[in-house]
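**Q** here are the coordinates; sequence isn't available:
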């Protein structure tokens with residue numbers, strides 16, 4: 001496998017997504033990171049702590065904290081204590097965030113459609129199979145690590 005090609009593809013994907021988000025972020029007056037956090041919470045309501053956002057998105061917790069404070073202060077998010085674990089604080093999107101989320105989801109759907117242009121259903125199936133296999137291998141590696 002050519003890791004340079006893979007890194008270049010990931011970099012291009014990331015840059016293209018950031019460019020696609022710039023107009024909506026500019027219009028709404030929110031930084032890209034705040035928009036990304038809001039969309040992550042909207043799309044993954046079961047992963048609603050700063051630690052989970054950090055884990056799944058790779059953002060540093062202190063940067064998440066700054067942006068969450070901004071989103072809370074502007075009325076897009078609320079904080080609620082976890083009923084089962086008092087140490088955890090859950091983040092929830094507010095009604096004020098609904099319009100941003102709706103536009104963000106439309107942007108994400110359009111972006112993915114553009115990224116997948118030119119691929120056949122068969123190629124998409126192979127791609128999905130490859131990602132699922134890689135994810136299963138990673139999960140197995142983590143389970144092996146936890147047993148040692």
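**A** It's in. Keep in mind the model is a prediction, meaning the values are calculated, not measured.
**Q** Was I right to think residue 89 contacts residue 77?
**A** No: contact criterion CB atoms under 8 Å: residue 89 and residue 77 do not qualify, at 10.8 Å. Placement of C-beta: from N, CA and C, glycine included.
**Q** So these two - more neighbours on which side?
**A** residue 77 (23 against 15; other CB atoms under 10 Å).
**Q** distance of residue 139 from residue 133?
**A** 11 Å (CB to CB, to the nearest Å).
**Q** just for this protein, where's the confidence low?
**A** For the chain, applying pLDDT under 70 flags the ranges 1-3, 5.
**Q** ranges for the strands of it?
**A** 77-81, 89-93 (DSSP state E).
**Q** could these go into a markdown table alongside distance to residue 145?
**A** Below are the strands of the chain laid out as a markdown table (distance: least, CB to CB, whole Å):
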| stretch | distance to residue 145 |
| --- | --- |
| strand 77-81 | 31 |
| strand 89-93 | 28 |
